[in-house]
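**Q** what's the 3D shape of this:
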Amino acid sequence: MKPAFVWLLATALAAEASTDDPAGAATRSPAPWGLLRMEWAVERSTGSAGELEADRLDQASWSLRGSPAGWQWGLDVPVLQRRDADGRAAGLGDVVLKLSRELQALGAAQSGWDLAVKWKTATGSAARGLGTGASDAVVQLEWAHVAPAQWLVFGELGYRVTGTPAGRTPRRNAWHAELGAQSPWVADWQWGAFAHAREAVSRVGPQAELTVYGQQRWGGQQLRLHVTRGNSLGSAAWAAGLAWSQRWP
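**A** Coordinates of the predicted model:
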């Protein structure tokens, strides 16, 4: 699955467009940080694969996002517990920072485009299997488009510069891509799905996975459930998670 992120509403564009008006007419916050969203999420993934190569990986994460005019920033802090043939380990995972710039606002008659950079830190212990042991940098272009019947189609294309821990076999840089669709809100319910693929960065192999999710909202809060199926050695075989978020204002 997406390390340290628990994927959080597919892409940043899809997340921000999942407010009352997917065409972008929602009221902007006068606060300097714009709309603010905090999320708590839990996920369990199984299958002796994935980037951290755990038989079972439990993750609890706290995320904070803001969207001042024309910008979006994000912070994702994961806590992991892994289990495999060597035993168990638990602790802080690799923290992820993100900053994106709106290139074109999403509207009813035009696509939305963002340019984003992400920095995965090396806060997780590689010796205990809680992190990769090195920092990674990602640059990606994010896209969203309001389709007929208010469906949202979204995607991203990015390149990852992958760090290698000292004394380890060099890891490879990799391209990744994502494509998905999200339904309009119906009686405060919504669902969607997206496919994610990434080139191999190590001996484990490439990633290929499909995620289906559904969510309910009330006021500024949302509750979301997702299930992911991995289709390559670089992805966990299965994952499922639950997330609660609060938006201000």
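**Q** From here on, just use CA atoms for contacts and neighbour counts.
**A** OK.
**Q** Now do the contacts for the residue in the chain sticking out farthest from the centre.
**A** The outermost residue of the chain relative to its centre, with distances by Cα atoms, centre = their mean, is G167 at 29.6 Å. Shown in contact with G167 (Cα atoms under 8 Å, 6 or more residues apart in numbering): no residues.
**Q** My reading is that it lies in a helix. Confirm?
**A** No - secondary structure of G167 (DSSP: H, G, I helix; E, B strand; the rest coil): coil, not part of a helix.
**Q** how about the strands in this structure?
**A** With DSSP state E as the criterion, the chain has strands at 35-49, 54-67, 71-84, 87-92, 96-104, 112-120, 136-146, 152-161, 174-182, 189-198, 207-218, 221-230, 238-248.
**Q** which one of those lies closest to A127?
**A** Among the strands of the chain, strand 87-92 comes nearest to A127, with 9.9 Å by Cα to Cα.
**Q** which residues make contact with the closest one from outside it?
**A** 77-83, 123-125, 128-130.
**Q** buried sites along it?
**A** A89, A90, G91, L92 (16 or more other Cα atoms under 10 Å).
**Q** For L97, see how far away the third one is.
**A** Yep, that's G91 we're talking about. To L97, G91 is 19 Å away according to Cα to Cα, to the nearest Å.
**Q** rank the strands of the chain by pLDDT, which is bottom?
**A** Among the strands of the chain, strand 35-49 has the lowest mean pLDDT, at a mean of 90.
**Q** got the angle for that one vs strand 71-84?
**A** Here the directions of strand 35-49 and strand 71-84 differ by 30 degrees (axes from the mean of the first three to the mean of the last three Cα atoms, to 10 degrees).
**Q** Output strand 35-49 as PDB, nothing but the C-alphas.
**A** Extracted in PDB, the C-alpha atoms of strand 35-49 (Å, rounded to 0.1, in the frame of the first residue of the first chain):
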ATOM      1  CA  LEU A  35      -9.400  24.600   4.700                       C
ATOM      2  CA  LEU A  36      -7.800  22.500   7.300                       C
ATOM      3  CA  ARG A  37      -8.300  18.700   7.500                       C
ATOM      4  CA  MET A  38      -7.100  16.300  10.200                       C
ATOM      5  CA  GLU A  39      -7.400  12.500   9.900                       C
ATOM      6  CA  TRP A  40      -6.800   9.500  12.000                       C
ATOM      7  CA  ALA A  41      -6.600   6.200  10.100                       C
ATOM      8  CA  VAL A  42      -5.800   2.500  10.700                       C
ATOM      9  CA  GLU A  43      -4.900  -0.200   8.100                       C
ATOM     10  CA  ARG A  44      -3.900  -3.800   8.100                       C
ATOM     11  CA  SER A  45      -2.100  -5.400   5.200                       C
ATOM     12  CA  THR A  46      -1.200  -9.000   4.700                       C
ATOM     13  CA  GLY A  47       1.000 -11.100   2.400                       C
ATOM     14  CA  SER A  48       4.800 -11.600   2.500                       C
ATOM     15  CA  ALA A  49       5.500  -8.700   0.100                       C
END
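**Q** List the strands paired with that strand, with their directions.
**A** strand 54-67 (antiparallel), strand 238-248 (antiparallel) (DSSP bridges).
**Q** Distance to V201 and mean neighbour count added to those strands, as JSON lines?
**A** Output for these, formatted as JSON lines (distance: least, Cα to Cα, whole Å; neighbours: other Cα atoms under 10 Å):
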{"stretch": "strand 54-67", "distance to V201": "17", "mean neighbour count": "21"}
{"stretch": "strand 238-248", "distance to V201": "20", "mean neighbour count": "19"}
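**Q** Would you convert those into TSV that also reports distance to N231?
**A** Listed next are the strands paired with strand 35-49 as TSV, based on distance: least, Cα to Cα, whole Å:
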stretch	distance to N231
strand 54-67	16
strand 238-248	9
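**Q** What is the burial count for R44?
**A** 21 (other Cα atoms under 10 Å).
**Q** Since that was my last question, I'll sign off now.
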